[in-house]
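Engineer: structural data only, the sequence is not supplied:
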C-alpha cells in the first residue's frame, strides 16, 4: 500500500461518501476517531430538535401525540430497512441498550423452559455480561462465560463447544467493543439454533458500521445503541429487534402501558399488543428519538454497503500505517488483521496506552482508551477522511517516537 | 365564592406566581388545562437543548462526559431539594417511570423475602397495575388489588385491612390519575411499615403539584414522571427515589454498567456502586435530561408550597364554577370535594365526556378525556391563570347548555 499522505488525499478525492462530512458539525481540524463511542452531531439535528420542541411540543401540545405515538415504530422501520437489513415491524426504538437487552433476554429465557444456562462472552461489553449475570441470578440459572481472544474475538468452535441442551440463550456482540472483531452472525445463529438456543445480538458497535443483515442472517433477537455510528446524540434511546415470526410468542418482563393492546382503554389486565410494540414499556422519549431519526436517515441515505466498504478501507489504512510506523515503538495490533473479520474500529495495544491517549488529545487527536493497555481508533465512514487517519497516525508516531507521552500521568491517577 | 370573571381577574392580579406564565411558550389564547398530562414548554428549553447539542455534543464530543456523567444525580438533587422534599443523593433521573417502577418493585420484593403478596390499587394508572402484575407473575407472587372509590380515592382503612404478614410491597399513586385524590403519604407509609411492607409511591401526578415531603413523610421508595407538572417535554426521563438508609440494602434487577462501582474499570463481575447511582442502568439520556433540568429549576424557583397553594385555589374555583353552572347539565364532580384531599387536577363526570372533550378542543379549551365518562381539568399553577379556568368553565357551560357536543362522534368511533 502506498503510505504517502498524497495517497490518502487521492482516496478522499475518490470517496463517494465524501460529501457526508459536511453534513456533520464540529471542529474541522480535530482528528476525531471516537465515533465508535459517541458519533458526531449531524448539522440537521439542532433544527430537528427545535422543531419538535417549539412546534410540536410548545404549539401542538398533547395534540402532537397523534404523530408521536407512531415515532418508535416509524424510526424502527427506518433502522430496519436502512441500517439493519430487517423487515418493517421488526424494530422498535425504546429505552436504553441495557434495558432492552434485559427485556429480550428474559423474554428469550422464558421461551426456552427447562433450559437453565445463559451463555455470554467473557470479553463482551460490561453491561452485557452484567445483565446476563443479573438475569441468571434472579432465575437461578447458570452463566457459562465463553472465553474469547481479546484481540481476535470469539472462535466459533469454542462457542459451539459451549452449546448443549441446557443452553437457553446466547448473548453476543456482533462487533466486539475492544478488538472490533466481527462475529459471523449467520453461522453462530445457525449453530445455536441447532442446539435449541436463541441468540440475542448486541449490535451497538455494528449498527451503521457493517451490514448486519438480520433477515438474511436468520437473526432472532437483537438490541443496539444509536449514539455511536448512528449519531443520535449522548445517551440517545436504543433499539430492539425481534424477528416477526417470534414476536407474538414472546413476552417481555416489564409490563408497561406502551406495550398494551388498546392502550387508552386502560383496561384491568395487561394484554400485550401483537407485533413489535409489545416490547415497548413506558412513554417513548419523543425529543431524544427525533435526534435518532436524523442520524438514522443519514446512514440510510449513505447506504450501509458503501459505509462498510469505506470503513474497511479506513481500517486497512490504519493497520498499514501501524505496521509501517508503530511496531518499532512498542505498538501491536489488537484487532483481527483480516479486514473481513473487523468492524469499523481498529485497536492498538501499547503498555502506556493511557498516557498515549492523553498526549494525543493534547495534539488534536481523539482516540478512545480502553483499560488497561488499549487505544481504539474509530474512524467513522460517514465523516472521517483518509487524511484524518493519516494525520492521526502521524501524530501517534510522533508522540511515541519522541516519548512525549511519558510526561503524562499513568492510569493509576486517572479520574473518571 | 364570588364567581364573576372580575373576581378571577383579581385573583390573578394578587397571584405571586403570575410572572411564571411568561416563562412558558405557546398560544396565549389557548385554554390549556392538560398540564397534568403534558406540561407546557419552558421558553428556556430550546436554548438549553441547543447548548447541549451544539456546544457540548458537537464541540465537546466525548470530552463532555466529564460533566454529563454527573447529570443524573445533579438533576436528581435538584428534584430532591426543590420538588420532593428529599435529601441530596436520594433521587436519580433515569429511564421511564414504568422501568423505574419495575426496578424498585423488584428490589423491594427481594428485600422482603418470605412475603408473597404485592398490593396495588384497582383504580391506579394502568402501567402501575401492569408492572405489579408482571412482577407478581414472574415471581409466583399474588396481587391483592385494593378497591378504591373512583372519585374519592383510596380509603386508608380499606388499604390497612389488606395488609398482613404476606404483603411485601404496596404500590400506590400519591395523586390518583383519574380523580386527583391525594393520598396521605405519611399515614399509609406508617401503616404499611407496621405490617412489615414497603410502599413504593408513584408521584407522577404529584411531583410539582403538591409537596410530597418524602423525608418528612418517612417515604422509602418512589418514582415519578417529569413531563407533567415538571414540564420536561414529551416522554422525558423519569426519576426514582430511594431513602438513603435503604439504598445499599437494595439491589435492582437490571444490572447495567451505569450502576457499577468503578464503571470504567469494566471489571468481570457486577458490583453495584454504593448510593443512589446503583439504581442506574444504561447510558443516561443526556439531551432529554437537559430539558428536565430546565423544568425542575422553574418548579424549584416558584417553590412547591406556593405552587400547591395556587393549585388548590385554582381547583376550588373550578369546583365552585362546576357546582354553580354545570350541575344542571348532567355534570357531577368526580374528585374529592375537600381541597385538602386533591392534587392539582379536578375531574368532572358526564355521560358524553368524549363528545364534550372534542367540542371543547374546537373551542380553544384543552382538557383531558379519561375513558369512559371523565373529563380532567388540570390547571397548572406555574402557568394557568384564574381567568383561564373561568373562561374554560364558561365554554364548558356554553357547550353543554346549547348541546353543541351532541354533534360530535361518540367514543366508539374514537381512533387512538
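Structural biologist: Received it, and whenever you're ready, just let me know what you need. Note that the structure is predicted; figures quoted are calculated from it, not measured.

Engineer: all helices for the stretch 101-250 of chain A, in order.
Structural biologist: A:126-139, A:156-161, A:185-194, A:244-247 (DSSP state H, counting those that start in this stretch).

Engineer: quick check: phi and psi at whichever residue of the stretch 1-150 of chain A sits closest to chain B.
Structural biologist: Nearest residue of the stretch 1-150 of chain A to chain B: residue A:96, at 2.8 Å (Cβ to the nearest Cβ). Backbone N, C-alpha and C define where each C-beta goes, glycine included. Main-chain dihedrals, residue A:96, degrees, to the nearest 10: phi -110, psi 170.

Engineer: for it, give its distance to residue B:333.
Structural biologist: Computed as Cβ to Cβ, to the nearest Å, the residue A:96 to residue B:333 distance reads 42 Å.

Engineer: out of these two, which sits in the busier spot?
Structural biologist: Taking other Cβ atoms under 10 Å in any protein chain shown, residue A:96 and residue B:333 do not tie; residue A:96 has more neighbours (29 against 18).

Engineer: for the more buried one, which non-adjacent residue is spatially closest?
Structural biologist: Sequence neighbours aside, residue B:282 is the residue nearest to residue A:96 in space, at 2.8 Å (criterion: Cβ to Cβ, 6 or more residues apart in numbering or on different chains).

Engineer: and the residue of the stretch 1-150 of chain A closest to chain B, what is it in contact with?
Structural biologist: The neighbours of residue A:96, taking Cβ atoms under 8 Å, 6 or more residues apart in numbering or on different chains as the test, are A:235, A:237, A:238, B:95, B:256, B:281, B:282, B:283, B:285.

Engineer: residues near the residue nearest to the third one when sequence neighbours are not counted, how many?
Structural biologist: If the residues on either side of it in the chain are set aside, residue A:238 comes closest to residue A:97, at 4.1 Å by Cβ to Cβ, 6+ apart. With neighbours defined by other Cβ under 10 Å, the count for residue A:97 comes to 28.

Engineer: you'd agree residue A:97 is up against residue A:223?
Structural biologist: Yes - using Cβ atoms under 8 Å, residue A:97 is in contact with residue A:223, at 5.5 Å.

Engineer: okay, and the common contacts of the two?
Structural biologist: Residues touching both residue A:97 and residue A:223 (Cβ under 8 Å, 6+ apart) are A:202, A:204, A:238.

Engineer: between those, which has the most around it?
Structural biologist: When neighbours are counted by other Cβ under 10 Å, residue A:202 leads the shared contacts of residue A:97 and residue A:223 with 30 neighbours.

Engineer: identify the single longest strand in chain A, thanks.
Structural biologist: Ranked by residue count under DSSP state E, the longest strand found in chain A is strand A:167-173.

Engineer: which positions in the stretch 151-300 of chain A make contact with chain B?
Structural biologist: Proximity of the stretch 151-300 of chain A to chain B, by Cβ under 8 Å from any Cβ of the partner chain, involves residues A:225, A:227, A:233-238, A:253-258, A:260, A:262-270, A:281-289, A:291.

Engineer: helices - which of these land there?
Structural biologist: In this view, those that belong to helices under DSSP state H are A:286, A:287, A:288, A:289, A:291.

Engineer: flag the shaky bits of the stretch 301-416 of chain A, pLDDT-wise.
Structural biologist: For the stretch 301-416 of chain A, the stretches flagged by pLDDT under 70 are A:412-416.

Engineer: quickly find the element holding residue A:310.
Structural biologist: Applying DSSP states H and E as the criterion places residue A:310 in helix A:304-321.

Engineer: for that helix, packing partners?
Structural biologist: Helix A:304-321 sits against helix A:5-13, strand A:346-349, helix A:386-402, with contacts defined as 3 or more Cβ pairs under 8 Å, 6 or more residues apart in numbering or on different chains; DSSP states H and E.

Engineer: where does chain A dip in pLDDT?
Structural biologist: Applying pLDDT under 70 to chain A flags the ranges A:412-416.

Engineer: hmm, 80 instead?
Structural biologist: Within chain A, the segments meeting pLDDT under 80 span A:411-416.

Engineer: tell me the centre residue of it?
Structural biologist: residue A:204 (1.7 Å; Cα atoms, centre = their mean).

Engineer: which residue, other than its chain neighbours, is closest to that one?
Structural biologist: The shortest distance from residue A:204 to any non-neighbouring residue, by Cβ to Cβ, 6+ apart, is to residue A:225 (3.9 Å).

Engineer: residues touching that neighbour, list them.
Structural biologist: Here residue A:225 is in contact with A:97, A:203, A:204, A:207, A:236, A:238, B:283 (criterion: Cβ under 8 Å, 6+ apart).

Engineer: and the second one, backbone torsions?
Structural biologist: Phi and psi for residue A:203, reported as degrees, to the nearest 10, are phi -100, psi 20.

Engineer: distance of the closest residue to residue A:184 other than its chain neighbours relative to chain B?
Structural biologist: Nearest non-adjacent residue to residue A:184, counting by Cβ to Cβ, 6+ apart: residue A:156, 6.2 Å away. In this structure, residue A:156 and chain B are 23 Å apart, going by Cβ to the nearest Cβ, to the nearest Å.

Engineer: what is the neighbour count of residue A:156?
Structural biologist: Around residue A:156 there are 13 residues (other Cβ under 10 Å).

Engineer: my read: it touches residue A:191, true?
Structural biologist: Yes - using Cβ under 8 Å, residue A:156 is in contact with residue A:191, at 6.9 Å.

Engineer: can you pull the contacts of residue A:248?
Structural biologist: Counting by Cβ under 8 Å, 6+ apart, residue A:248 touches A:274, A:275, A:278.

Engineer: tell me the most packed of the residues you listed, by neighbour count.
Structural biologist: residue A:278 (23 neighbours).

Engineer: regarding it, what is its secondary structure?
Structural biologist: Assigned with DSSP: H, G, I helix; E, B strand; the rest coil, residue A:278 falls in the helix class.

Engineer: next, the contact list for it, please.
Structural biologist: Under the criterion of Cβ under 8 Å, 6+ apart, the contact list for residue A:278 reads A:247, A:248, A:250, A:251, A:252, A:259, A:272.

Engineer: report the buried members of the residues you listed.
Structural biologist: A:247, A:250, A:251, A:252, A:259, A:272 (16 or more other Cβ atoms under 10 Å in any protein chain shown).

Engineer: what about residue A:33, how many neighbours?
Structural biologist: Other residues close to residue A:33 by other Cβ under 10 Å number 28.
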